[in-house]
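**Q** Give me a model of this one.
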Amino acid sequence: MHKLASGFCGSLFVIAVVLSFTTPGASQTGTTGSSGPAGDAEPAPPADQRYTGVKKCAACHFDQHLIWRKDKHAKAFENLPAKYKTDASCLKCHTTGYGEPTGYKSAADANLAGITCEVCHGPGSKHDETCKPLANVTKLSAAQEKLARDSIYMMLPHNVCVTCHSSKGHKAHPKYDK
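**A** Numbering: from 1, shown residues only. I've put the predicted structure just below:
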């Protein structure tokens, strides 16, 4: 069963990568949105977002958090050999938002260690702010759902995967001692 699930997830990943290259309206700069489920262009979320960390995301998206915790991306920082946990060339792929003003800076930023939600969806401060009043609503209205949806990307409008998975882009992973 595990091999079946692993193969299924791998297939989904490949489909996501292919779609990221073929989705009309997708921008490499992140200034325009990608197509949403109805084919409408996804609007860009509000500017000036800050990284919030995985705990904020898990507070509302717990089922997704449980799935993520089992994924290799959740352990990307943890699996780095100790001598590389401060190496900038490693941190850009093994943490969330490294090099960004509100992104990962040190091991004290445990909520941003690893490849968290915000690597794919972008910083979530405005989403958190927008959705707090909706926390106790059991069924969102169409307007509330749109408000929540428009405050964060469903998926960043560029291929974030190849940012780190560069070996598929003909660039080898840096040599390191395990």
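
**Q** Under the pLDDT cut-off, which ranges of this protein? List them.
**A** Counting by pLDDT under 70, the chain shows low-confidence ranges at 1-41, 167-172.

**Q** Centre-most residue in it?
**A** Closest to where the C-alpha atoms of the chain average out (CA atoms, centre = their mean) is C120, at 2.3 Å.

**Q** pretty sure G97 belongs to a strand, no?
**A** No: G97 is assigned coil when assessed by DSSP: H, G, I helix; E, B strand; the rest coil, not a strand.

**Q** show me what contacts the closest residue to it other than its chain neighbours?
**A** Once flanking residues are discounted, G97 sits nearest to G103: 2.2 Å by CB to CB, 6 or more residues apart in numbering. Heads up, the C-betas are built off the backbone N, CA and C, glycines and all. Residues counted as contacts of G103 (CB atoms under 8 Å, 6 or more residues apart in numbering) are 51, 95-97, 109, 112.

**Q** element containing G103?
**A** G103 belongs to no helix or strand when assigned by DSSP states H and E.

**Q** quick one: it from D109, how far?
**A** Going from G103 to D109 by CB to CB, to the nearest Å gives 8 Å.

**Q** what do those two both touch?
**A** T95.

**Q** one step back: doesn't M154 make contact with the residue nearest to the centre of the chain?
**A** No: C120 is not in contact with M154 according to CB atoms under 8 Å; the separation is 9.2 Å.

**Q** Would you work out how far apart the start and end of stretch 137-147 are?
**A** Distance between the boundary residues of stretch 137-147 (CA to CA, to the nearest Å) amounts to 14 Å.

**Q** where do the helices sit along this structure?
**A** 2-22, 54-60, 62-69, 88-94, 117-121, 125-131, 142-149, 161-164 (DSSP state H).

**Q** The second one - contacts with which helices or strands?
**A** This means helix 54-60. Applying 3 or more CB pairs under 8 Å, 6 or more residues apart in numbering; DSSP states H and E, we find helix 54-60 packed against helix 62-69, helix 117-121.

**Q** P123: neighbour count?
**A** Using other CB atoms under 10 Å, P123 has 22 neighbouring residues.

**Q** Tell me if I'm right that it and G53 touch.
**A** No: contact between P123 and G53 fails when scored by CB under 8 Å: they sit 10.1 Å apart.

**Q** Leaving out chain neighbours, which residue sits closest to L80?
**A** H94 (5.3 Å).

**Q** need the contact list for that neighbour.
**A** Counting by CB under 8 Å, 6+ apart, H94 touches 76-77, 79-80, 113-115.

**Q** any idea how far A143 is from it?
**A** 39 Å.
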